[in-house]
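Model the structure of this input:
(chains A, B and C)
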Amino acid sequence: MTGLQITFLVVAAAILASAVLVVTARNLVHAALWLIATLFGMAILFVLLQAGFLAAVQVVVYIGAIAILIIFAIMLTRRVMQDTGPQTNSQWWLGGLLAAALLAAIAYTLFRVDQQGAFPLANVPIPDSSLAELGKALVSPDFYMIPLVVIGVLLAVGMVGSIAIARDEREKE
Amino acid sequence: MQESWIFIGVFLLIAGIFPATPIILQSVILGPKKSNPVKNSTYECGIETFGDTWVQFKVQYYIFTLVFVVFDVGMMFLFPFAVAYGQVPAFMLVAVVGFLGIICGGLIYVWRKGALRWV
Amino acid sequence: MEFLSNPIGVIRDWLAGLLSGFLPPDAVSLVLVILGALVVGALGLTTPLFLIWYERRLIGRMQDRVGPNRVGPEGLFQTVADALKLLSKEDITPIGADKIVYNLAPIMAVVSVLTMWAVIPLAVNIVGTDLNIGVLYIVSVGSLGTLAIMLGGWASNNKYALLGAFRTVAQLVCYEVPMILALIVPVLLASSVGVANPMSMQEVVAAQSGAWHEWFLFKAPIAFLIFFIASVAETGRAPFDLLEAESEIVAGFNIEYSGMKFGMFFVAEFLHAFTVGALVATLFLGGWSGPFVEQAPLLGVVYFILKAFAAYFLIILMRAALPRIRIDHMLDLNWKFLVPIMLAAIVAIAVTDKALPRATVGPLWNAVALFAANLVVAVIAVNWTSAAARQMRQADESRNPPGAAPAASADHGHDAPAPAASHAAH
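The predicted structure follows:
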């Protein structure tokens, strides 16, 4: 085994363990902390895949923004220091069923890769300037110029929507 | 490139161990261990605490965080563009100007709605 | 001579030769990496011992007093004495605090700042590692600091600490937006200069090392100013010290902390301030570049430290000169001033640089054009803001004529109307 493989196995085990802890932790802030550990593990996986940019984006967006948003929502709404509610509700079996179905689908896909070579996993060399290529593709009309603008619209709509939902209309003077 | 990431990984570990060392040194070896309930009680603002720690906060804090998340995601698209900037022809700036303009439009909407005002 | 031009390389080669006698090559490189990380980390963590003394002396001067001057020459060992004192204190975790999170938060605070030093270049060949996404790496580890302060405030089981944590969200998170926007500009300009990998810190410096007008300070003064302001806000120091405002919320997120855990928050804050200086020096003031640096690369360390301390001095001056900003002003300054200006400045810089590229008008005129573009954006922004402010003032005066009772807006500065907290304060 190479160092890369050992690192992958350790990180994958850590991700799984913290993912389990996210759903089993009784304290909501602890659950959010385990979620951060999971997300950080994903960032390490990106690094192992030589996608450093995505790793940094993972940390900035998911840990730096979304995890903070989650912790913040917890602090805002729940009496977290005392609150330890039940872990499941009456629909737990539905969730379990969906998770099992997803697992089956992923496993099926992976086996197809293995048997028929449906997705050839070629050893493509990663160019040093992959980030510049990405940037060029993002603004080029032949590639993702329109999608980029659509993302802008999506983000603006997200901003408008969050205000519409979160803001108390009665506060208006 | 993997080599720099190995350095970063090792450095993260070391950066955790360095500050942990004096804290452990103080709490395990050097510091006195004569605790009592009064010493361990919450200091708060100097008088005895009462009531819950949890208090009702304004939803306004949450709105700012939501706007921040939108901007954070948007800015991540600008970094690859900035890296490629020297190699893209001038007319392609239209895409980025449009992108920024639309996000700016969202900001102006939020602004005009008064959601950015601290009340 | 070889040693003087590339000391780290020489030492590394010597160590590699020494170790390769009894270790496999993979292990040798790992040991070298660990040693390098240890050296950078130790340097980073011992610098605050000096920084705290430097800042206390300077603040003392600025406030017309002497500052610490008893322990050691000129009080140089004062911080060492303070650290020893903190080490001899009892370790207290208050009742009701969340033990793990409470103890983790100060460590995370230091980690988030210390790890930035992994990519900051001290000279052309002295750098922890030249990561290809260095600029974004700075942003990503910086965002962990917000988390540390938030968790520290939450885990203390204290109303004021929790209030500090909430203000953290309002402040640190919001100021991350103009900071990242401003960080895009050096990458963009470095790319326009034509370096291969504009997001690596080393090449951002290389892009500025040509002549004085290549400094991004002159090409993008707005980005420089906004990065500086937003980064100072990120450190949570005066005038942006809302998260630990002593007179309002006791001491904010770190009330319940004592001993070395408090010390670590303290170290993180001072190191962060200096790190901001170092980042400003690297990204906008040309880092290690300066005259004769090609002949003697070690001179770069001197230039870098001089520039970093110049920026750090400005930060200290801000702390000494400016009063604490009010929370509504703080948020307005961010969302209604810094962010729109920065968005406009990015567009202005990108368009100007394409309109008058270096290749056709030459580097100097390109820099002049960029400076002029920045100036135009700044003038428009200031005019527009002052007009808006005048309008607001007039509207305010017509609603509450002067001489009447103070306007209801007087309680804008208050935080959440936390009923229990305000009771406890009385």
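
Quick check, pLDDT for the closest residue to chain B within chain A.
As assessed by C-beta to the nearest C-beta, chain B sits closest to residue A:135 within chain A, at 2.8 Å. (C-beta placed from N, C-alpha, C; glycine too.) In this model, residue A:135 is scored at 85, pLDDT.

Now for residue 23: which residues touch it?
Assuming you mean chain A. A:31, A:87 (C-beta atoms under 8 Å, 6 or more residues apart in numbering or on different chains).

actually it's chain C I care about, not the one you picked
Applying C-beta under 8 Å, 6+ apart, the residues near residue C:23 are residue C:31.

What strand or helix carries it?
Residue C:23 belongs to no helix or strand when elements are defined using DSSP states H and E.

Could you report the pLDDT at it?
For residue C:23, pLDDT reads 77.

Might you list the low-confidence residue ranges for chain C?
For chain C, the stretches with pLDDT under 70 are C:1-2, C:4, C:242-251, C:401-426.

longest helix in it, by residue count?
Longest helix of chain C, by residue count under DSSP state H: helix C:358-399.

remind me, longest helix of chain A?
Chain A, longest helix under DSSP H: helix A:92-116.

which element follows that one toward the C-terminus?
helix A:130-139.

what's the spacing between that next one and its chain's center?
22 Å (C-alpha atoms, centre = their mean, to the nearest Å).

Pull out the buried positions in it.
For helix A:130-139, a neighbour-count test (16 or more other C-beta atoms under 10 Å in any protein chain shown) marks A:130, A:131, A:132, A:134, A:135, A:136, A:137, A:138, A:139 as buried.

Show the subsequent helix or strand relative to it.
helix A:145-166.

Could you see whether chain C lies near that following helix?
No. Helix A:145-166 does not reach chain C (C-beta under 8 Å from any C-beta of the partner chain); its nearest approach is 11.7 Å.

Can I get that helix as CSV, trimmed to CA atoms?
Taking Å, rounded to 0.1, in the frame of the first residue of the first chain, the C-alpha atoms of helix A:145-166 are listed here in CSV:
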residue,chain,number,x,y,z
MET,A,145,-20.6,31.9,-20.2
ILE,A,146,-24.4,31.5,-20.1
PRO,A,147,-24.3,29.1,-17.2
LEU,A,148,-22.2,31.6,-15.2
VAL,A,149,-24.8,34.3,-15.8
VAL,A,150,-27.5,31.9,-14.8
ILE,A,151,-25.6,31.1,-11.6
GLY,A,152,-25.6,34.8,-11.0
VAL,A,153,-29.3,35.0,-11.4
LEU,A,154,-29.7,31.9,-9.1
LEU,A,155,-27.6,33.6,-6.4
ALA,A,156,-29.6,36.8,-6.7
VAL,A,157,-32.8,34.9,-6.5
GLY,A,158,-31.5,33.1,-3.5
MET,A,159,-30.7,36.5,-1.8
VAL,A,160,-34.2,37.8,-2.6
GLY,A,161,-35.9,34.6,-1.5
SER,A,162,-34.0,34.6,1.8
ILE,A,163,-35.1,38.1,2.5
ALA,A,164,-38.7,37.3,1.6
ILE,A,165,-38.7,34.4,4.0
ALA,A,166,-36.6,35.6,6.9
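
so how far is residue C:91 from residue A:98?
Using C-beta to C-beta, to the nearest Å, residue A:98 is found at 47 Å from residue C:91.

more neighbours, these two?
The neighbour comparison of residue A:98 against residue C:91 (other C-beta atoms under 10 Å in any protein chain shown) goes to residue C:91, with 19 against 10.

Spatially nearest residue to the more buried one (excluding sequence neighbours)?
residue B:27 (3.4 Å; C-beta to C-beta, 6 or more residues apart in numbering or on different chains).

What residues does that neighbour make contact with?
Shown in contact with residue B:27 (C-beta under 8 Å, 6+ apart): C:91, C:259, C:260.

any idea whether it is helix, strand or coil?
helix (DSSP: H, G, I helix; E, B strand; the rest coil).

Give me the pLDDT value at residue A:48.
Reading off the model, residue A:48 has pLDDT 87.

Near it, how many other residues are there?
17.

next one: residue C:292
10.

Show the low-confidence segments of chain B, by residue range.
Ranges of chain B meeting pLDDT under 70: B:1, B:42-57, B:119.

So which residues on chain A come close to chain C?
A:3, A:27, A:29-30, A:33, A:36, A:52-53, A:56-57, A:59-60, A:63-65, A:67-68, A:71-72, A:75, A:80-81, A:128-129, A:131-132.

again, 7 Å this time
Listed as neighbours of chain C in chain A under the rule C-beta under 7 Å from any C-beta of the partner chain: A:29, A:33, A:52-53, A:56, A:59-60, A:63-64, A:68, A:71-72, A:75, A:81, A:131.

Narrow these to just the buried residues.
The buried subset of the residues of chain A next to chain C (16+ other C-beta under 10 Å) comprises A:29, A:33, A:52-53, A:56, A:59-60, A:63-64, A:68, A:71-72, A:75, A:81, A:131.

Greatest separation within those residues: which pair is it?
A:81 and A:131 (43.7 Å; C-beta to C-beta).

tell me the centre residue of chain C?
residue C:276 (2.9 Å; C-alpha atoms, centre = their mean).
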